[in-house]
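[1] Kindly return the folded structure for what I paste below:
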Amino acid sequence: MVLFFESAVVDPPVTIYMGKDKYENEDLIKYGFEEDIWFHVDKLSSAHVYVRLQPGQTWLDIPEQVVEDCAQLVKANSIEGNKKNGVTIIYTPWDNLKKTPGMETGQVTFFNHKKVKRVHVEKRINEIVNRLNKTKVEREVDYQHEKIQREKLDRKAAREHEFLEKERIQQLQAEKQKAEKEINDMFDSSNMKSNYREHEVEDINAAEEDFM
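    Numbers count the residues shown, from 1 in each chain. A predicted model of the protein is given here:
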């Protein structure tokens, strides 16, 4: 079972979720989405908490209020961390989580330690934890099915983007060809007219003779 929460500190609200135990955490590590951000108490046992951002957003887009909600929820769901003041919460994109052979169930490390941020939580703020707990919903999740469906949507979006990009390129090429044709037509000798007018030259010559 997975526990889901809603954080309405931003609009639209974001979904926060966590596994009920270490076995659920293992599945969450395996089947996360690209826009999922993972939170955990640093160097202490705690729940694995994720926030799901909007598609296309990255961990650099996560609002500070959402970081605070997740950090408070992680602290509240750590046996040791909940008792202590001044704990550090770490967070990183889901795709930075790394499993290596021999790791215990639910245990992770990182591909890139530079992509791990830290936030200091001095104490538990009951107002935040209680607000989030009021939105809590527990439900079963078919991780593999959800992952497959999401990948289908991603592929569809990629195809649509590719189609629109091809259309854009074709339009630019057509506009370029049209501009080149207009320039070529402008300098086509068959379309050019001479400024020479014979009678005007004769008049000028006559005027010069009269002057002399």
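[2] Give the closest residue to V67 in space, chain neighbours not counted.
    In space, and not counting its chain neighbours, V67 is closest to V119: 5.9 Å by CB to CB, 6 or more residues apart in numbering. C-betas here are computed from N, CA, C, even on glycine.
[3] Make sure that neighbour is actually in contact with Y91.
    Yes: counting by CB atoms under 8 Å, V119 touches Y91, with 7.2 Å between them.
[4] Neighbour count for those two, which is higher?
    Set V119 next to Y91 and count neighbours by other CB atoms under 10 Å: Y91 wins out with 24 against 17.
[5] wait, is the more buried one part of a strand?
    Yes: checked against DSSP: H, G, I helix; E, B strand; the rest coil, Y91 lies within a strand.
[6] list the residues that contact both of V119 and Y91?
    Residues within reach of V119 and of Y91 at once, by CB atoms under 8 Å, 6 or more residues apart in numbering, are 67, 71.
[7] For the nearest residue to K22 once chain neighbours are set aside, give me its contacts.
    Take K22 and drop its neighbours on the chain: the residue closest to it by CB to CB, 6+ apart is G106, 3.4 Å away. Residues near G106 by CB under 8 Å, 6+ apart: 19, 22-23, 25-26, 29, 48.
[8] Please apply the same query to K20.
    By CB under 8 Å, 6+ apart, the contact list for K20 reads 1-3, 138.
[9] now Y50
    Taking CB under 8 Å, 6+ apart, one finds 16-18, 28, 32, 36-39, 94 in contact with Y50.
[10] how about CSV for the residues you listed, with pLDDT and secondary structure added?
    Shown next, in CSV, are the contacts of Y50 (pLDDT from 0 to 100; DSSP: H, G, I helix; E, B strand; the rest coil):
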residue, pLDDT, secondary structure
I16, 97, strand
Y17, 96, strand
M18, 95, strand
L28, 92, helix
G32, 91, coil
D36, 95, strand
I37, 97, strand
W38, 97, strand
F39, 98, strand
W94, 96, helix
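[11] For those residues, give me a markdown table that also has neighbour count and distance to F110.
    Formatted as a markdown table, those follow (neighbours: other CB atoms under 10 Å; distance: CB to CB, whole Å):
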| residue | neighbour count | distance to F110 |
| --- | --- | --- |
| I16 | 24 | 21 |
| Y17 | 21 | 20 |
| M18 | 23 | 19 |
| L28 | 22 | 16 |
| G32 | 21 | 14 |
| D36 | 19 | 14 |
| I37 | 26 | 13 |
| W38 | 27 | 10 |
| F39 | 25 | 13 |
| W94 | 18 | 11 |
